[in-house]
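> Curious how this folds, go ahead:
(chains A and B)
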Amino acid sequence: MKKKLLGASLFLLVVFFVSMSIGRYHLGPVDVVKLLLKGMGSSVKLGPNATALKTVFWSIRLPRALLAIIVGASLGTSGAVFQGIFRNPLVSPDILGVSQGAGFGAAMAIMFLGGTTIGIQTSAFFFGITAVMIAYGISLSSMENSVVVLVLAGVVVSALFMAGLSFLKYIADPYTELPSIVFWTMGSFQGADWKDVIYSFPLVLCGISVLTALGWRLNVMTLGDEEAKSLGINVNKMRLFFIAVSTLIVASSISAVGTIAWLGLVVPHIGRYLAGSDHKTLIPFSAILGGALLLLMDTIARTMISSEIPISIITNLVGAPFLAYLLVRKKSGAWYGA
Amino acid sequence: MVLEVNELSAAYGKKVILHDICFQLTAGSICGLIGPNGSGKTTLLRCVSGILKPRRGDVLLSGISVDHMSRSKIAKQLSFVPQSGGVQFNYTGLDMVIMGKAPHLGLLSSPGKKEKDEAALIMESLGISHLKDSHYSEMSSGEKQMTLLGRAVMQNTPLLLLDEPTSHLDIKNQHVVMEMVKEIAKDSDKTLFITIHDPNLALKYCDHVIMVGDGGLQAEGPTSTVMTDSNLSTIYGLIIRNEVTSSGQRVIVQHGS
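Purely as a prediction, here's the structure:
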């Protein structure tokens, strides 16, 4: 278990150094190490253009990379948790309407709250959580409190928020508001700063730690409701807790950067293939892997062409073929009867 | 008394499945639950394990009403061995057995070396050590059933409920599993409550039989006195007779309808 997590961490480290180095302003790996040492109080010499190096590194690239890691980690984690509790390989937080709710919330803020960053984030977060709560409420009021009902309730809620978002887009000012809405729903790390990192980091770290600690319970829950109940687990309470924590970390991270598609679906699959099905390992592994992959994709998004590409275009290009591959390959390494 | 069921009635919506069921189970016995399809056997098991709330009456586990117990309390009193269903994830036989420890561990703790050794020991004593590293989803029905039995032993409860443990098995595996059941009851003074379809298996392995038909209790008591021609003929609506083979073994045969 430790070896696998170490391997994933090494991968993350490599991606981090690559991402720090490349970009319009070139920084060598040596410069990156020097800057980090300097930041920790060491007295290394930086060379002639020290100020420019420092600005690029500390104010632009580092916060952006850290935010990408945090968001990727929360998407990877919550994907692993959702696929576990719903016992379904094709589930991610999106299925309960987090993304659609958050998108609607962001559009509301852009149109009616002046479109300030803090307004967009708060509103996206609020509506993301609301969407999941409505979906969960529907499933609770149904006679049959089952996973299928919950997933279908998620579809219903997503559709409602999609309709709301489309309506907002229709009445939005096509020259000012509409582009911001569209840009937000495609996701971007362009405006990332330290504030975003500081807001989301503690919540995401706590969430991932709690979910990891409960990982073995989640293993038992994947046996199905009745078996888990007979093994002494309060299934309804635990499921609500898992959904609430994963939704919280996803909502807090996508409210900072906009919708990011597919990552929550793809990462746990790769994780299960490389690290096995034990959620005790799979959850932290998916977190590290998700962080590394999103950082890699964001690095591609900002360096491939001279202007930025919205991150969801990259994640879609990678994720959709991956899903097709899962559908075609009948028996995956870790999923059976699915 | 390990299990007491008092005047139990159960229903799904308006449809009454069971009515006025009363019986008691003592420690260290194997009790068979017999009845035709749709007679409410599974519903009875679901009520006993507290998953379905009975419409009327109550279920007492070691003297305490199931209704007043939390899931983890119930899981320390009874373990449930389902019909080997599909598991979506890639767990090994050992992983599956260790999960029996769930009700005994704190919320945030997970099993370590001690639990692993304990599970390995249980698998050895049941003669299924060779399944430790096999993937559960790739096991045969018989192997799955034995692994689940191992998990119930790991759960270490006075009462074990088994839902048709032999129904998907070939004749050899049926007896392997039932011998295992016998060992568990004998070695650890546990009570096993088993739904079973084959009356001959019940005849051979069960100490007591509870017979349900048409939602009510048809008969209960020691196996030899319950499995009579008339009781069996009534619940299945067939002509069924007890006969003795040339080697002196009692068998139950169907003669016509």
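> Check the burial of the residue of the stretch 51-200 of chain A found nearest chain B by counting its neighbours.
In the stretch 51-200 of chain A, the residue that lies nearest chain B is A:R87 (4.9 Å; CB to the nearest CB). Backbone N, C-alpha and C define where each C-beta goes, glycine included. If you count neighbours by other CB atoms under 10 Å in any protein chain shown, A:R87 ends up with 20.
> before we move on, what about the one 4 residues further on?
Applying other CB under 10 Å, we find 22 other residues in the vicinity of A:V91.
> Look up which helix or strand B:D95 falls in, please.
With elements taken from DSSP states H and E, the one containing B:D95 is helix B:93-98.
> does chain A sit close to the very next helix or strand once past that helix?
Using DSSP H and E, the helix or strand that follows helix B:93-98 in sequence is helix B:113-125. No. Residues of helix B:113-125 are not located near chain A by CB under 8 Å from any CB of the partner chain, the shortest gap being 10.3 Å.
> rewinding a little: using CSV, write down the CA coordinates of the helix holding B:D95.
The C-alpha coordinates for helix B:93-98 follow below in CSV (Å, rounded to 0.1, in the frame of the first residue of the first chain):
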residue,chain,number,x,y,z
GLY,B,93,-11.3,-14.5,-0.2
LEU,B,94,-9.3,-13.3,2.8
ASP,B,95,-10.6,-9.7,2.4
MET,B,96,-14.2,-11.0,2.4
VAL,B,97,-13.7,-13.0,5.5
ILE,B,98,-12.0,-10.1,7.4
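> CA atoms of stretch B:165-173 as PDB?
Taking Å, rounded to 0.1, in the frame of the first residue of the first chain, the C-alpha atoms of stretch B:165-173 are listed here in PDB:
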ATOM      1  CA  PRO B 165     -26.900 -21.900   1.200                       C
ATOM      2  CA  THR B 166     -27.300 -25.000  -1.000                       C
ATOM      3  CA  SER B 167     -29.600 -23.800  -3.700                       C
ATOM      4  CA  HIS B 168     -27.000 -23.200  -6.400                       C
ATOM      5  CA  LEU B 169     -24.700 -26.000  -5.600                       C
ATOM      6  CA  ASP B 170     -24.000 -29.400  -7.000                       C
ATOM      7  CA  ILE B 171     -24.700 -32.400  -4.900                       C
ATOM      8  CA  LYS B 172     -21.100 -32.700  -3.600                       C
ATOM      9  CA  ASN B 173     -20.900 -29.100  -2.700                       C
END
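> So which residues make contact with that stretch?
B:81, B:83-84, B:141-142, B:145, B:149, B:174, B:177-178, B:181, B:194, B:196-198, B:201 (CB atoms under 8 Å, 6 or more residues apart in numbering or on different chains).
> before we move on, back to that, can you read off the backbone torsions of the residue of the stretch 51-200 of chain A closest to chain B?
Backbone torsions of A:R87, given as degrees, to the nearest 10, read phi 50, psi 50.
> circling back: show me just the buried residues among the contacts of stretch B:165-173.
For the contacts of stretch B:165-173, a burial check counting by 16 or more other CB atoms under 10 Å in any protein chain shown picks out B:81, B:83-84, B:141-142, B:145, B:149, B:174, B:177-178, B:181, B:194, B:196, B:198, B:201.
> nearest to A:M20, of those?
Nearest to A:M20, judged by CB to CB, of those is B:S84 at 51.9 Å.
> before we move on, the earlier item: are the helix holding B:D95 and chain A in contact anywhere?
Yes. Judged by CB under 8 Å from any CB, helix B:93-98 comes into contact with chain A through B:D95.
> Any idea how far that helix is from the middle of the chain?
19 Å (CA atoms, centre = their mean, to the nearest Å).
> I am finished for the moment; much appreciated.
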